[in-house]
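*Asks:* Turn this into a model:
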Amino acid sequence: MNAPMRMPMLFDLEAEQARRDFHFFFQRFAWPVLQPATQFKDNWHIHAIAEHLTAVKLGQIRKLLVNMPFRMLKSSLISHAFPAWDWIDNPSRQFLTASYSKDIATRDAVDSRRIIESTEYQKAFGHKFKMTGDQNVKSRYENDKRGMRTVTSTDGAGTGFGGDIRIVDDPVSAREADSPAALAASVEWWKGTMATRANDPTTGAAIVVHQRMNSNDLTGYLLAEEAGWEHLVLPFRYDPKFVQKQTSLGFVDPRKTEGELIHPERVGEAAAQDLEKTLGAYHKNAQLQQNPNPRSGIIFKRDDWKFWKELPQLDEIVVSVDCTFKNLQTSDHVAIQAWGNKGANDYLLPGRIKERMGFGATVTALRNFVAAVTAKYPNVGVTAVLVEDKANGSAVIETLTDEISGVLPINPEGGKAARAFAMQPSSEAGNVWLPDSSVEPNIEDFVSTCSKFTGAEGGDDDEVDSMTQYCNWRRMRSKTMGLVEYMKQQQEERERQAA
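*Replies:* Predicted coordinates:
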């Protein structure tokens, strides 16, 4: 006779659900250990983080970058609970985790170990692996399946250990948010140490999580210089003026009301206003809103831009090109833009290019760009191609003059800031229109670049230079054409009087 089938107990069902569902694991097994005296308050942003961490576990995301305000459970979820949860199915996984100080990184590792050694975790998952006694200290511990967690920091010496999953939680202290040296050191540490510590470069994963500090922080570097980062941005308040990035999992910020808080049950309106007042405008935008550029912009104000969803019948289209000197990783980008105009208004067309390219690649890119624009707008065509007569631009002009109609050398007057201020009246008057995010999803990158533009040498100015080159050429051309038209009219009037 067959033995009667044992019905699974409620705890068994919870354990299985927790193994499959990180959000449930966090609430049921991690939270009671991390915050035993505090009631768990669920929120949409916790689900969003859980979904993306699950994708890391499954190998669907290998480079996850999370920007979110402080005190919103980023360390509890990512540094404390996630490694403990991952070991349920992957006990041989090795973690290399870091923060701005080894004490903080060690604290995170200890909290993760507390979850693993808790009574409920051991009851549910203790059969999966055992912690070893010979290597079970705060800064480095192992299990009997050769899984390991090793701690390091951005302010310490490099480590000889690697990891299958590397986690960087707060690479810079908030106290050093305005320290160029500290910000640069965290980037150099990443480049020289953490970026090279994947056990297997073809499968290794990395998670970087922190509140934004400065446009030159680690996030700024990763987005500008490294490809493939999945960027999950969770601002303190919802701001519809900032384009919400959709991740590869399809996540978009679910909030609809301007000013809505990320987790009002955790930080309410009164506390939020006090916090914002304490931080001040710049740090509020950086640390809370995850936008370290001044909210209103410096030369180009965000509120001045207009956005189009449908173009009017354009009078003409002009291509503007800002070239560079060499095809080096340290060189500026080549920026190629197409602008249309109608009356007093200028319209940035979708499909702009911003890439590091040498001379040959620039010529090919510009040739293809002009052809694509001409094909897309056959009733208008390209009237002129403006190329700054410096750097590789001179050679580009010489090469394409006989091939593309209307290639014009431009010798800009004044410095970068002067050229920006020269076109500022047009943007302030609402005459400069950018494609709506429904037309060009990455237009927020352009707006952000313009907002932080100061005119100082060495900044991220390529797209701004291309824009000001076109707008100032158009402004001067309009003035010149107006004068010519006026003189023509006067001559015609004199001829009529003489007749």
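
*Asks:* just the helices in the stretch 101-250 of the chain please.
*Replies:* Assigned by DSSP state H, counting those that start in this stretch, the helices in the stretch 101-250 of the chain fall at 102-117, 119-125, 180-192, 218-225.

*Asks:* Tell me which other helices or strands the longest one touches.
*Replies:* With contacts defined as 3 or more C-beta pairs under 8 Å, 6 or more residues apart in numbering; DSSP states H and E, the packing partners of helix 102-117 are helix 31-34, helix 82-89, strand 94-99, strand 131-137, strand 148-153, strand 165-169. The way it works is simple: take the backbone N, C-alpha and C, and place the C-beta from them, glycine included.

*Asks:* what does that helix contact?
*Replies:* The contact list for helix 102-117, computed with C-beta atoms under 8 Å, 6 or more residues apart in numbering, reads 29-30, 33-34, 75-76, 79-81, 83-84, 87, 97-99, 121-122, 131, 138-139, 141, 149, 151-153, 155-156, 169-170.

*Asks:* redo that, cut-off 7 Å
*Replies:* 29-30, 33-34, 75, 79-81, 83-84, 97-99, 121, 131, 138-139, 141, 149, 151-153, 156, 169 (C-beta atoms under 7 Å, 6 or more residues apart in numbering).

*Asks:* List just the one of the helices and strands packed on helix 102-117 that sits closest to N199.
*Replies:* The closest of the helices and strands packed on helix 102-117 to N199 is strand 94-99. By C-beta to C-beta, the value is 6.2 Å.

*Asks:* What residues of that closest one count as buried?
*Replies:* 94-99 (16 or more other C-beta atoms under 10 Å).

*Asks:* and the angle for it with helix 180-192?
*Replies:* Angle of strand 94-99 versus helix 180-192, following axes from the mean of the first three to the mean of the last three C-alpha atoms, to 10 degrees, is 170 degrees.

*Asks:* For the closest residue to Q290 other than its chain neighbours, the count of nearby residues, please.
*Replies:* Nearest non-adjacent residue to Q290, counting by C-beta to C-beta, 6 or more residues apart in numbering: N67, 4.2 Å away. Counted with other C-beta atoms under 10 Å, residues neighbouring N67 total 24.

*Asks:* Can you give me the distance of N67 to P378?
*Replies:* Taking C-beta to C-beta, to the nearest Å as the criterion, N67 is separated from P378 by 43 Å.

*Asks:* cool, and S153?
*Replies:* 59 Å.

*Asks:* Those two: which is more packed in?
*Replies:* Between S153 and P378, S153 has the larger neighbour count (other C-beta under 10 Å), namely 21 against 7.

*Asks:* I figured the more buried one hits A98, correct?
*Replies:* Yes - with contact defined as C-beta atoms under 7 Å, S153 reaches A98; the gap is 5.6 Å.

*Asks:* Let's have the helices and strands packed on helix 102-117 in JSON lines, adding distance to D389 and mean pLDDT.
*Replies:* Below are the helices and strands packed on helix 102-117 laid out as JSON lines (distance: least, C-beta to C-beta, whole Å; pLDDT from 0 to 100):
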{"stretch": "helix 31-34", "distance to D389": "62", "mean pLDDT": "98"}
{"stretch": "helix 82-89", "distance to D389": "54", "mean pLDDT": "98"}
{"stretch": "strand 94-99", "distance to D389": "48", "mean pLDDT": "97"}
{"stretch": "strand 131-137", "distance to D389": "64", "mean pLDDT": "78"}
{"stretch": "strand 148-153", "distance to D389": "49", "mean pLDDT": "95"}
{"stretch": "strand 165-169", "distance to D389": "44", "mean pLDDT": "97"}
